[in-house]
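Participant: Sequence isn't available, so here's the structure alone:
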């Protein structure tokens, strides 16, 4: 054998086969029948063409590449310019700006509001959430400033004169990444800053101070965690003379100079890596009051309700993406002379996961409908207040374990960074942590129950009616009622809140797919679900139906 032939034989690669093709260039809306039906069941059917166009674009290989590149090239803090002038700018890869522009063009940051900052009505929340859900399957980090911008309008409503000034810029379906005063820009984004070192959840312990300076304030202090530092303005909490107050803090002062918002560093986070999060000092920074002094929590909570809704929506989207990739892979991968998707154990796992996602998206869309109808329906308003923390609790805390299971369906291919599932897995914990951890959500449910006894009773009666006849639903209603009436209700709050979310999910799914609602109730309410997906006994026809709905 010659040296040349020896080298060729030693280093020639093998043929690559038995690998699944990339899951891209798909219509993320059309291939997701549970989403299509949940949107329609909650009033969003007229937007089907709009959502299909969105799904086609975001399901493209080009968008998948942008999402990957934005995460591989993380933001960088540029504290000073080349001449030593303090700038406090964050530099992003162009791929990040591209996904931001696509979300802004689709109105994910503003479409639930009219141009004067009023609720858009109709099914605006449902339609927007469907886009948010699809976008989260491709690139989740950039949705942080998108969701905060949308939610900030609810808080700014407490200061109508300020809202009237900023709303024309917020309402523009344009993304303008230039570092310039917000009134000069084609579009703007807003962030928020509440968390301090000495107390994250306990914002009443905030030490940042605000001193009146004419019609404005000078704010001095720190924030331990302030996301999306390149937003054009932030809503922050600080202690004024009358107590904790909400302020609008722009990146530039009215005279055009850079505001005294000094970033100390960017956080090195587990996930959410395309999005910058910062530690920041305010050194006499310019701010304008939003709402009354001393009413900061009441003002900012209007924003928090909406961001919690988006946490649940994004988590549902991450799980949907994990399921779609797992099922797509298993339909192409052969093992023991059969496709993985035809192996009984894999079918049991995938169908159980599909049932969980069906219930999650039905529940999230039902929650969004309550946001749409709350302004003119007291029962829907009560559903929104009571169920938002319960739904965030269950959906968001489900996601990490679910995505681990999806990774396992792909084996080693799921664990490596070339695929999207490792990124989804790192991303998944943040939604349960941000805007209130699990315990905070449970306490908020208890608080809503204690403050609105009659409204909460009406919501529970409605859920009982909507789940009538489903396995285990009656016992669940009884258990929830007894648990929340106990004098030590906080001790069992997690158990009761999870049961409440499961009941609400069964009710929501019953409007979309009654047969699958019964499967969900039988495996989650009538009995305790196994700690692992696939630890249920579903009929062959039900397995096939769930998987066909998941991905044609």
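Facilitator: Structure received. Computed from a predicted structure; not experimentally measured.

Participant: Pass me the low-pLDDT residue ranges in the protein, would you?
Facilitator: Residues of the chain that meet the criterion pLDDT under 70 lie in 1-13.

Participant: Just the buried positions in the lengthiest helix in the chain, please.
Facilitator: When the chain is scanned for its longest helix (criterion: DSSP state H), the result is helix 296-332. Within helix 296-332, the residues scored as buried using 16 or more other CB atoms under 10 Å are 296-297, 299-300, 302-330. No exception for glycine: its C-beta is placed from N, CA and C like everyone else's.

Participant: How far does that helix sit from its chain's centre?
Facilitator: 4 Å (CA atoms, centre = their mean, to the nearest Å).

Participant: With stretch 380-393 instead?
Facilitator: 15 Å.

Participant: Repeat that for stretch 66-86.
Facilitator: 25 Å.

Participant: So for that stretch, what gets flagged as buried?
Facilitator: 66, 67, 68, 69, 70, 71, 73, 74, 75, 77.

Participant: what do you get for stretch 507-522?
Facilitator: For stretch 507-522, by 16+ other CB under 10 Å, it's 507-513, 516-522.

Participant: Of those, which belong to helices?
Facilitator: Those of the buried residues of stretch 507-522 lying in helices (DSSP H): 507-512, 516-522.

Participant: Once you drop chain neighbours, what's closest to residue 373?
Facilitator: In space, and not counting its chain neighbours, residue 373 is closest to residue 380: 4.0 Å by CB to CB, 6 or more residues apart in numbering.

Participant: what about the one you found, helix or strand, and which?
Facilitator: Taking DSSP states H and E as the criterion, residue 380 maps to helix 378-410.

Participant: related to what we said a few turns ago, got the angle between the longest helix of the chain and helix 378-410?
Facilitator: Here helix 296-332 points in a direction 40 degrees away from that of helix 378-410 (axes from the mean of the first three to the mean of the last three CA atoms, to 10 degrees).

Participant: from here on, count from 895
Facilitator: Fine by me, first position is 895 from now on; the one you just mentioned is helix 1190-1226.

Participant: next one: the following helix or strand past helix 1190-1226 to chain centre, how far?
Facilitator: Later in the chain than helix 1190-1226, the nearest helix or strand by DSSP H and E is strand 1228-1229. Taking the mean of its C-alpha atoms, strand 1228-1229 sits 35 Å from the chain's own mean (CA atoms, centre = their mean).

Participant: Likewise for stretch 1390-1404?
Facilitator: On CA atoms, centre = their mean, the centre of stretch 1390-1404 falls 19 Å from that of its chain.

Participant: So what touches that stretch?
Facilitator: For stretch 1390-1404, the surrounding residues in contact (CB atoms under 8 Å, 6 or more residues apart in numbering) are 932, 1252-1254, 1256-1257, 1259-1260, 1281, 1283-1285, 1287-1289, 1335-1336, 1339, 1357, 1360-1361, 1364, 1367, 1370-1371, 1373-1374, 1377-1378, 1383, 1410-1411, 1414-1415, 1418-1419.

Participant: Narrow the residues you listed to just the buried residues.
Facilitator: 932, 1252-1254, 1256-1257, 1259-1260, 1281, 1283-1285, 1287-1289, 1335-1336, 1339, 1357, 1360-1361, 1364, 1367, 1370-1371, 1373-1374, 1377-1378, 1383, 1410-1411, 1414-1415, 1418-1419.

Participant: May I ask which two of the buried residues of stretch 1401-1416 are separated the most?
Facilitator: The distance between the two most remote of the buried residues of stretch 1401-1416 (CB to CB) is 17.7 Å, for 1405 and 1416.

Participant: Could you dump the ones in helices among the buried residues of stretch 1401-1416 into JSON lines with distance to residue 1133 added?
Facilitator: Output for these, formatted as JSON lines (distance: CB to CB, whole Å):
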{"residue": "1401", "distance to residue 1133": "43"}
{"residue": "1402", "distance to residue 1133": "41"}
{"residue": "1403", "distance to residue 1133": "45"}
{"residue": "1404", "distance to residue 1133": "48"}
{"residue": "1405", "distance to residue 1133": "46"}
{"residue": "1406", "distance to residue 1133": "47"}
{"residue": "1410", "distance to residue 1133": "51"}
{"residue": "1411", "distance to residue 1133": "49"}
{"residue": "1412", "distance to residue 1133": "53"}
{"residue": "1413", "distance to residue 1133": "52"}
{"residue": "1414", "distance to residue 1133": "47"}
{"residue": "1415", "distance to residue 1133": "48"}
{"residue": "1416", "distance to residue 1133": "52"}
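
Participant: Which residues belonging to the longest strand seen in the chain are considered buried?
Facilitator: Criterion DSSP state E: the longest strand present in the chain is strand 1171-1184. By neighbour count with 16+ other CB under 10 Å, strand 1171-1184 contains the buried residues 1171, 1172, 1173, 1174, 1176, 1179, 1180, 1181, 1182, 1183, 1184.
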